[in-house]
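In: kindly return the folded structure for what I paste below:
(one chain, ligands or ions: 1)
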Amino acid sequence: MTENSGLFTLDGAQAYLSAEPEMTVEKLSNRLFTVTDGQVRTIFLAGDNSVVAFDTFGTPGKARAYGKAIAATVPGKPISTIIYSHDHLDHAGFAADLAPEAAIIADELCAKVIKLRGAEGQLQPTRVLQGERNELSVDGVDLVLLNPGPTHGSGNLAAYFAPEKTLFSSDTILANAKYGFMPDYHFCNFIRFMRDFLELDWDRFVPGRYEMTDRAGFKHGVDFIDATMTVCQTAFVNFVPIWAYEPMKGYCIGQLAERFADLEGFEDHVGQMAIRIVHHYLMGGWGLEDTPEPRVLLNDLVSL
Ligand SMILES: [Zn+2]
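Out: Numbering: from 1, shown residues only. Reported below is the predicted structural model:
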């Protein structure tokens, strides 16, 4: 079997692409479920006659395992709709293996990146959303999709479920410190956009990886990234060699352990986080996403 390969060019990648992990599903309400393979996490909803699935997981095998988990949880209802939380292949790369006939909803910027990327297995969105807030109804499922601006990846859509008092936001805040390598975080506005989510009424947070948390856990996660950004600036002031892993790791642990050593993975990941974050201050961010008015990204240079 030759799998859809995303961006892999190596034949040997097939074994990785084919593996089907065990999925764990948890029911959050009569309509809302969360599912994880132990690393990535997403959500799906049971509609009147079909399922609305967020994301696809990151390989053809994982997409098939996701589809089987949905079919076992909501039998008799096919996946009619996929919503991409953002453009990244490890979350949204394999709709072709999950539900090739499904309608696909995504933010405009996500759709543009996917069109130009041309990764094998990542299907083009069929319905494109614009703006900070979209309320839509899909097969009886009411959805509130939020994109405050660049936070992580391209066209990141969070989902707010008022009846369940639940917020889903993929690859932004975690309940731990285990996303150390942060090439795709847009730090310029990240903390502000995340704190704005706290103005909504919710008490359960579903992240794009690992375990769920509550408001306090979400706030702690935002505080952690905020504090790490501050400590990275003080590293410059103290002439810590900001390009070197071990000194930055030691400096950050010394500055942050009292408040954040409770986060799983803290000591193993904070050094990587720091190396990434110092380059935000050193270089000025990564392109237009890291400017105070990033909406300039949504010009018409790429037409869908
Ligand atoms: Zn991502």
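
In: could I have stretch 217-225 exported to CSV, CA atoms only?
Out: In CSV, the C-alpha atoms belonging to stretch 217-225 read as follows (Å, rounded to 0.1, in the frame of the first residue of the first chain):
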residue,chain,number,x,y,z
GLY,A,217,-4.7,25.3,34.2
PHE,A,218,-5.2,27.5,31.0
LYS,A,219,-4.2,30.6,32.9
HIS,A,220,-1.2,28.8,34.4
GLY,A,221,-0.2,27.8,30.9
VAL,A,222,-0.5,31.4,29.6
ASP,A,223,1.4,32.7,32.6
PHE,A,224,4.2,30.2,31.9
ILE,A,225,4.8,31.4,28.3
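
In: pLDDT (mean, whole number) over that stretch?
Out: For stretch 217-225, the mean per-residue pLDDT is 98.

In: that one: which residues count as buried?
Out: By 16 or more other CB atoms under 10 Å, the buried positions in stretch 217-225 come out as 217, 218, 219, 220, 221, 222, 224, 225. Where you see a C-beta, it was placed from the backbone N, CA and C, and this is true even at glycine.

In: and the contacts of that stretch?
Out: For stretch 217-225, the surrounding residues in contact (CB atoms under 8 Å, 6 or more residues apart in numbering) are 167, 173-175, 177, 190-191, 194-195, 197-198, 205, 213, 256, 259-260, 263, 273.

In: check these for burial and list the buried ones.
Out: Judged by neighbour count, with buriedness set by 16+ other CB under 10 Å, the buried members of the contacts of stretch 217-225 are 167, 173-175, 177, 190, 194, 197, 205, 213, 256, 260, 263, 273.

In: would you verify that residue 269 is located in a helix?
Out: Yes - assessed by DSSP: H, G, I helix; E, B strand; the rest coil, residue 269 belongs to a helix.

In: could you find the closest non-adjacent residue to it?
Out: Excluding its sequence neighbours, the residue lying closest to residue 269 (CB to CB, 6 or more residues apart in numbering) is residue 180, at 3.1 Å.

In: what's around that neighbour, how many residues?
Out: Neighbouring residues of residue 180 were enumerated by other CB atoms under 10 Å; the total is 16.

In: does it touch residue 267 like I think?
Out: No - applying CB atoms under 8 Å, one finds residue 180 not in contact with residue 267, separated by 10.5 Å.

In: what's the overlap in contacts for those two?
Out: With CB under 8 Å, 6+ apart, residue 180 and residue 267 have no common neighbours.

In: element containing the residue lying closest to residue 242 once chain neighbours are set aside, please.
Out: Leaving out its chain neighbours, the residue that sits closest to residue 242 by CB to CB, 6+ apart is residue 278, at 4.2 Å. When elements are defined using DSSP states H and E, residue 278 is found to belong to helix 266-283.

In: fine by me, we can end here.
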